[in-house]
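Engineer: Sequence and predicted structure, then a few things I'm wondering about:
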Amino acid sequence: MEKYDGIIIGTGPNGLVTAAYLAKAGLKVLLLEKRFELGGGLATEQVTLPGFLHNTHAVYHSMVDCAPIFEDLELEKRFRVKFIHPPLVMAMPLSDGRSLGIYSDVNKTCESIAKFSKKDADTYREVSHRYDAIMRKFIGPSTYLPVKEPLETIVQLQQSEIGRFVNEITEKSPKEVVDELFENDHVKALMLYATCIWGLEYDQTGLGFLIPLYINRAANYRLCVGGSHYLASAISKVIYENGGLVLAAQDIKRVVVQNGTATGVEMADGTVITADKFIVSSLDPEQTFFKLIGKENLDADLARCVEGWQWEQESLYVLHMALEAAPQFTAASSDPMMNQAFIYVIGYETEKDFMNHWEAVKKGEVPAQSGFNCSFPSVLDPIEAPPGFTTGLISELAPYDLKNGGVKKWHDYKFREEHARQLMETLRRYAPNITDENVLATYIATPLDHENKLWDMKKGGIKQGAYLTLQMGPFRPNEYCSHHRTPIKKFYVNGSCCYSGGTVIFGPGYLAANAIAEDLGIKKWWKVPAVADDMTF
């Protein structure tokens, strides 16, 4: 019988991070992965033509300047992990040839906005300063600190200017905030999309504290040089060099629970691997507690929480492209930087355009005319395509369960291809050189494809569960497990379904490592982040 100090189930970003910290702390760690490749959403694949590297899930890295893992694990210094922070981070070309841009330089963003509204430019400058302070002093470090109880959080926030502002904005919807701040409809459209890009609904209240985060991040997204999987590979090297082991293509039957304590993992072939100190699951609540632990090992309250877990109602339809030439946007005639942007917001020129699309998704509809974000990573990172060629992607908000035909409709080849053609036509209105001749090959990933490829992305969701008031903070994934510990002794959780949330932010993996180290009495070799004492603007 094989024995380890700890077993981690799932090698997505959070599983890798937990393993890296604990292996470096001297623990004997085993990671088990069902797929043949580690990394989860940190995937880079040649899905169109040889030599074209496509980031098939995570593309826009949002917390590179905040996550402690980069410094702690010396990912750049020792493993040459590098990120590009483009001058023009997010651009919105318009059909009349004009454009809006969110730059890494606040002054340049204000210059762009001033073409539409001097008042909005002045407002953005003020908001940018305020939201940057909130990120640096509160949201950034809080992402990597244990969650607090709701009342404790409210009381703490009331003690500072930043905190009082966060409390106030929390009850507002993205549309309310954007409409209060800005007057020009094009500016509103860009800011609203930037706020809702990761699934925050435009009229949703109770999660307004995310608005400063997302507007601030619109100027701070990064691209991983060489592809997103390069980051997963680097973290795995930390695990290997500290004696950890990763096993792929593993079919796990259950977590062995004896007298209320997790003691090991039983594989499908009957092999049992024991863990003396901890077991961690980075899977979603249903897989973790119903499949692996078993409902019979849960008390009624925890089982009820798992049964009530709500998945995202929105997913993504993604079209990857191998291009003979980089796009040439019509808007570049007035701003040459338009051909060098990282993220393009296409087809949404007013707030109404975006809201109409969101309402269609809620109804299970895929509009022929809609908007999306797109990117051409190899324009910024030439490694990702053969010399002279370009990689591209279109990422559109889409429903999992279609109104006409249900989820199985996504298997319909003609439907998939026809919708890809519609998206290409929309892109072509802004970048006319993206002709059929320019497109060498494509690869389509529908909401159903996401679910079939990565089992944690149930219903095609990218966050292991919706962002709702009662599924955030101390309620993510539930009130019993939000500190990454569970009622089952020695059993922990660290997936995107956990605090501090989904997408590749590394918070749940980092926090789980901290919780385990504290429970085992291990001296941390890393420095824990701290919220700024002076939380003022």
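Structural biologist: All right, it came through fine.

Engineer: switch to C-alpha atoms for all contacts and neighbour counts from now on
Structural biologist: OK.

Engineer: Next, Arg374: secondary structure please.
Structural biologist: Slight slip there: residue 374 is Cys, not Arg. strand (DSSP: H, G, I helix; E, B strand; the rest coil).

Engineer: Please enumerate the helices of the stretch 51-200 of the chain.
Structural biologist: Taking DSSP state H, counting those that start in this stretch as the test, the helices found in the stretch 51-200 of the chain are 69-72, 75-79, 106-114, 118-134, 140-142, 150-157, 161-170, 174-181, 185-196.

Engineer: okay, those, which one's buried deepest?
Structural biologist: helix 185-196 (a mean of 24; mean count of other Cα atoms under 10 Å).

Engineer: Off-centre distance for it?
Structural biologist: 19 Å (Cα atoms, centre = their mean, to the nearest Å).

Engineer: where does the chain dip in pLDDT?
Structural biologist: Where the chain drops to pLDDT under 70, the residues are 1, 532-535, 537.

Engineer: and of the helices of the stretch 51-200 of the chain, who's closest to Asp276?
Structural biologist: Taking Cα to Cα, helix 69-72 is the member of these nearest to Asp276, at 26.0 Å.

Engineer: what's that closest one in contact with?
Structural biologist: For helix 69-72, contacts defined as Cα atoms under 8 Å, 6 or more residues apart in numbering pick out Val17, Val64, Leu75, Glu76, Phe506, Tyr510, Trp526.

Engineer: which of the residues you listed count as buried?
Structural biologist: With burial judged by 16 or more other Cα atoms under 10 Å, the buried subset of those is Val17, Val64, Leu75, Phe506, Tyr510.

Engineer: Turn the helices of the stretch 51-200 of the chain into a markdown table, including distance to Pro382.
Structural biologist: Converted to a markdown table, those look like this (distance: least, Cα to Cα, whole Å):
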| stretch | distance to Pro382 |
| --- | --- |
| helix 69-72 | 23 |
| helix 75-79 | 19 |
| helix 106-114 | 25 |
| helix 118-134 | 31 |
| helix 140-142 | 31 |
| helix 150-157 | 45 |
| helix 161-170 | 40 |
| helix 174-181 | 36 |
| helix 185-196 | 26 |
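
Engineer: Out of the ones you listed, the one nearest Ala420 is which?
Structural biologist: Closest among the helices of the stretch 51-200 of the chain, once you apply Cα to Cα, is helix 185-196, at 21.4 Å.

Engineer: Tell me what angle the next helix or strand after that closest one forms with helix 174-181.
Structural biologist: Remark: after helix 185-196, the chain's next helix or strand is helix 210-217, criterion DSSP states H and E. Helix 210-217 and helix 174-181 are oriented at 70 degrees to each other (axes from the mean of the first three to the mean of the last three Cα atoms, to 10 degrees).

Engineer: Note down every partner strand of whichever helix or strand comes after helix 210-217 and its orientation.
Structural biologist: Next along the chain after helix 210-217, taking DSSP H and E as the criterion, comes strand 223-224. Note on strand 223-224: by DSSP bridges, its sheet partners are strand 83-84 (antiparallel).

Engineer: Leu200 and Tyr4, how far apart?
Structural biologist: 40 Å (Cα to Cα, to the nearest Å).

Engineer: These two - which one has more neighbours?
Structural biologist: Comparing Leu200 with Tyr4 by other Cα atoms under 10 Å, the one with more neighbours is Leu200, at 23 against 18.

Engineer: List the contacts of that one.
Structural biologist: Leu200 touches Tyr467, counting by Cα under 8 Å, 6+ apart.

Engineer: The one 10 residues further on now?
Structural biologist: Shown here is Leu210, whose contacts under the criterion Cα under 8 Å, 6+ apart are Thr170, Thr195.

Engineer: So it versus Ile134, what's the distance?
Structural biologist: Distance from Leu210 to Ile134, counting by Cα to Cα: 11 Å.

Engineer: Same check on Thr109?
Structural biologist: 19 Å.

Engineer: now do Lys458
Structural biologist: 33 Å.

Engineer: quick check, nearest of the buried ones among the contacts of helix 69-72 to Met191?
Structural biologist: Val64 (21.4 Å).

Engineer: Would you mind measuring from that closest one to Tyr221?
Structural biologist: For Val64, the distance to Tyr221 - Cα to Cα - is 8 Å.

Engineer: And Glu126, by the same measure?
Structural biologist: 20 Å.

Engineer: How is the chain divided into domains?
Structural biologist: Following automatic domain parsing, one finds the domains of the chain at 2-34+250-310+465-520, 42-104+313-462, 106-219.

Engineer: Out of those domains, which gets nearest to Thr536?
Structural biologist: Nearest of the domains of the chain (Cα to Cα): domain 106-219, 5.3 Å.

Engineer: Neighbours of the nearest residue to Gly392 once chain neighbours are set aside, how many?
Structural biologist: Excluding its sequence neighbours, the residue lying closest to Gly392 (Cα to Cα, 6 or more residues apart in numbering) is Phe376, at 4.2 Å. Phe376 sits with 26 neighbouring residues when counted by other Cα under 10 Å.

Engineer: and whichever strand or helix holds Ile7, which strands flank it?
Structural biologist: In the assignment (DSSP H and E), Ile7 maps to strand 2-9. Using DSSP bridges, strand 2-9 pairs in its sheet with strand 29-32 (parallel), strand 272-281 (parallel).
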